[in-house]
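*Asks:* Structure here, sequence nowhere to be found:
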């Protein structure tokens, strides 16, 4: 009779596999990564990996889903309170906890681009991309609306349009960064411009 494995242990194991997968996807890119690469990195058997993930696509979707979940798991109000203001919460969504412009891009960005762009004609990936986009801009719009209600913002444009603009701008930077690199596109400077444009477009009251 095999011993029972606790849910906590399963979650820990799953997280360990996702961490190993993240390292592999960063090193190899999406297309070049194989499940064998992840097995070797995690030090598990084929069965040990396939017990949690059916294939590479399933594994990658779980990984990027966890990234998005980290931002959106907490309630909006809790997030705003933690960051100190709606403006700071908004910056955190696309700049990270440090909330400042740098030449650093999400190291998984090239793999995400491979996954979504090369697979844009596959129904599963297209639907996943649409879902991620709607979640991202929808959450961003909620922050902006919360800022309006709090008297922090008096936007010059429709909040939905501003939210969509942020997502599209950041995605565009990710594409250029993956192709030509941060120095060529002046990632830090463009991000600083985005911040100042948003400060103006939202008419931030500080």
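*Replies:* Alright, I've got the coordinates. In this text, all values refer to a predicted model and were calculated from it rather than measured experimentally.
*Asks:* can you give me the strands in this structure?
*Replies:* Applying DSSP state E to the chain gives no strands.
*Asks:* Output the below-cut-off pLDDT ranges for it.
*Replies:* The chain contains residues with pLDDT under 70 at 1-5, 68-74.
*Asks:* Where do the helices of it begin and end?
*Replies:* Taking DSSP state H, the helices of the chain run over residues 7-28, 35-42, 46-50, 56-72, 76-83, 86-95, 109-118, 123-149, 159-180, 182-185, 187-201.
*Asks:* so which of those helices gets nearest residue 101?
*Replies:* helix 187-201 (3.8 Å; Cβ to Cβ). (Each C-beta comes from the backbone N, C-alpha and C, glycine too.)
*Asks:* Compute the inter-axis angle for the closest one and helix 86-95.
*Replies:* Between the direction of helix 187-201 and that of helix 86-95, the angle (axes from the mean of the first three to the mean of the last three Cα atoms, to 10 degrees) works out to 150 degrees.
*Asks:* Can you get me a residue count around the nearest residue to residue 116 once chain neighbours are set aside?
*Replies:* On the basis of Cβ to Cβ, 6 or more residues apart in numbering, the spatially nearest residue to residue 116 that is not a chain neighbour turns out to be residue 129, at 4.8 Å. Neighbours of residue 129 under the rule other Cβ atoms under 10 Å: 16.
*Asks:* okay but residue 129 is in contact with residue 117, surely?
*Replies:* No - using Cβ atoms under 8 Å, residue 129 makes no contact with residue 117, being 9.2 Å away.
*Asks:* How about residue 155, nearest residue that isn't a chain neighbour?
*Replies:* residue 202 (5.0 Å).
*Asks:* what's around the one you found, how many residues?
*Replies:* So residue 202, with other Cβ under 10 Å, has 22 neighbours.
*Asks:* Phi first, then psi, for it.
*Replies:* Here is the backbone geometry of residue 202 (degrees, to the nearest 10): phi -90, psi -10.
*Asks:* before we move on, back to that, would you turn the helices of the chain into a markdown table with distance to residue 101?
*Replies:* Shown next, in a markdown table, are the helices of the chain (distance: least, Cβ to Cβ, whole Å):
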| stretch | distance to residue 101 |
| --- | --- |
| helix 7-28 | 22 |
| helix 35-42 | 32 |
| helix 46-50 | 38 |
| helix 56-72 | 18 |
| helix 76-83 | 17 |
| helix 86-95 | 7 |
| helix 109-118 | 16 |
| helix 123-149 | 18 |
| helix 159-180 | 11 |
| helix 182-185 | 11 |
| helix 187-201 | 4 |
